[in-house]
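Chemist: predicted model follows, preceded by the sequence.
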Amino acid sequence: MRLVIIGGGILGTAHALAAIRRGHHVIHLEREVEARGATVRNFGLVWVSGRSAHELELTLRSRQLWEEIGGQVPGVGFRAAGSLTLVRSENELAVAEAAAAHPSAAERGFELLDVDRVRALNPALRGKFLAGLHCSTDAAVESRQALPALRRYMEATERYAFYAGTEARAVTGTTVIDDRGRRHEGDLVLVCPGAAHTGLTRELVGDIPVRRVRLQMMQTAPLGEPLTTAIADGDSFRYYPAFAGPELDRLNREEAQPFTAAQHKMQLLAVQRLHGGLTIGDTHEYDEPFTFDVDEAPYEHLTGVMEELLGRKLPPIVRRWAGVYSQSIDPGTIVTRAQAADGVWVVTGPGGRGMTLGPALGEETAALLSL
């Protein structure tokens, strides 16, 4: 079978990989010279720890697939680093204790560590905190190099062709017409538009139940020492469904976030890149139109929290950026799949889970479409 896949982000690339692994041929179109959306503007985290119960099985499957991919395609930079969610108050500690005692804790790889054990696991953490919720199943890939590495791997099969700087303008049957008038014929068309909900996406399926979410992040110069796990702060409990329960209700009721964190709907996540710098974020903005500039207050907040946890000054910030991703409106929907016509599907809306769930979502779509 020949597939034409529109969209070169993680979802489009993961669907291409799933098809190639099943022996099919793929024509892959990306309107930019290189994908520039949420896929390359994220942490590169394969984040098991915060996933809700109904998506845990799919997340663990994706984690397994990423490890397999990392073995076959070293350029994606996969490492099974795990994570530590560091708590700084008694209410946050109660949430962490409940998570570590939950029936799913062993499956997720949760263990609550005291300060000494946290520092033994991650010696760079010399600052102030009460404990750390360790998740051994969390992992990371290099978001800015994973997609080119995966494309090189697929090109080696001679069943994959990538058309960079090529915008799909129309879909007729299962033939895609691009902005140069070229016709790309296939047996199946998959449109993975990321946060581009207008244009061709709207022409094909109209308004679908997804929204766009904007975030801000930053990158530091090399830390000068290993940060052996990914890091989260206790505010992350407020944004991940795995931690719902009476302990979280009490945290939200009795302990307000700092003003800037609440205003920008913030949590702290941090991961060390292979070059030694830290990617740190993030904020959440849901109401459009989004501003075109970035606010400095969130960066100051993130810097302060990270320095408190590290017990040292951060290296200089060398990059700041904003990004927009697509999120399904129904919290029970992991990804939105909409059929436009026979053999034509639009797949989007995994929210901040695209990098985590990409390989499993590609596999799942392949199964649904009997590839």
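Modeler: Sure thing, it's come through. Numbering: from 1, shown residues only.

Chemist: only alpha carbons, please: show the helix or strand harbouring Ile27 as CSV.
Modeler: Using DSSP states H and E, Ile27 falls within strand 25-29. This file holds the C-alpha atoms of strand 25-29, laid out as CSV (Å, rounded to 0.1, in the frame of the first residue of the first chain):
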residue,chain,number,x,y,z
HIS,A,25,5.4,2.9,1.0
VAL,A,26,5.1,6.4,2.2
ILE,A,27,5.2,9.8,0.5
HIS,A,28,5.6,12.4,3.3
LEU,A,29,4.9,16.2,2.7
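
Chemist: what strands line up against the helix or strand following it, and which way round?
Modeler: Remark: after strand 25-29, the chain's next helix or strand is strand 45-46, criterion DSSP H and E. Here strand 45-46 has these sheet partners by DSSP bridges: strand 139-140 (antiparallel).

Chemist: mind checking pLDDT for the closest residue to Arg22 other than its chain neighbours?
Modeler: Nearest residue to Arg22, sequence neighbours excluded (Cβ to Cβ, 6 or more residues apart in numbering): Leu371, at 5.3 Å. Every residue, glycine included, has its C-beta placed from N, CA and C. Confidence at Leu371, expressed as pLDDT, is 94.

Chemist: isn't Leu371 right up against Ala19?
Modeler: Yes: with contact defined as Cβ atoms under 8 Å, Leu371 and Ala19 form a contacting pair (6.0 Å).

Chemist: mean confidence score for stretch 203-214?
Modeler: Averaging pLDDT residue by residue across stretch 203-214 gives 96.

Chemist: which residues are contacting it?
Modeler: Identification of contacts with stretch 203-214 by Cβ atoms under 8 Å, 6 or more residues apart in numbering yields 170-171, 191, 195, 197, 201, 283-286, 288, 290, 322-330, 333, 336, 338-341, 344, 346, 348-349, 351-352.

Chemist: just the ones of the residues you listed in strands?
Modeler: Among those, the members falling in strands are 170-171, 191, 322-328, 336, 338-341, 344, 346, 348 (criterion: DSSP state E).

Chemist: narrow the residues you listed to those that are buried.
Modeler: Buried subset of the ones in strands among the contacts of stretch 203-214 (neighbour count, 16 or more other Cβ atoms under 10 Å): 171, 191, 322-328, 336, 338, 340, 344, 346, 348.
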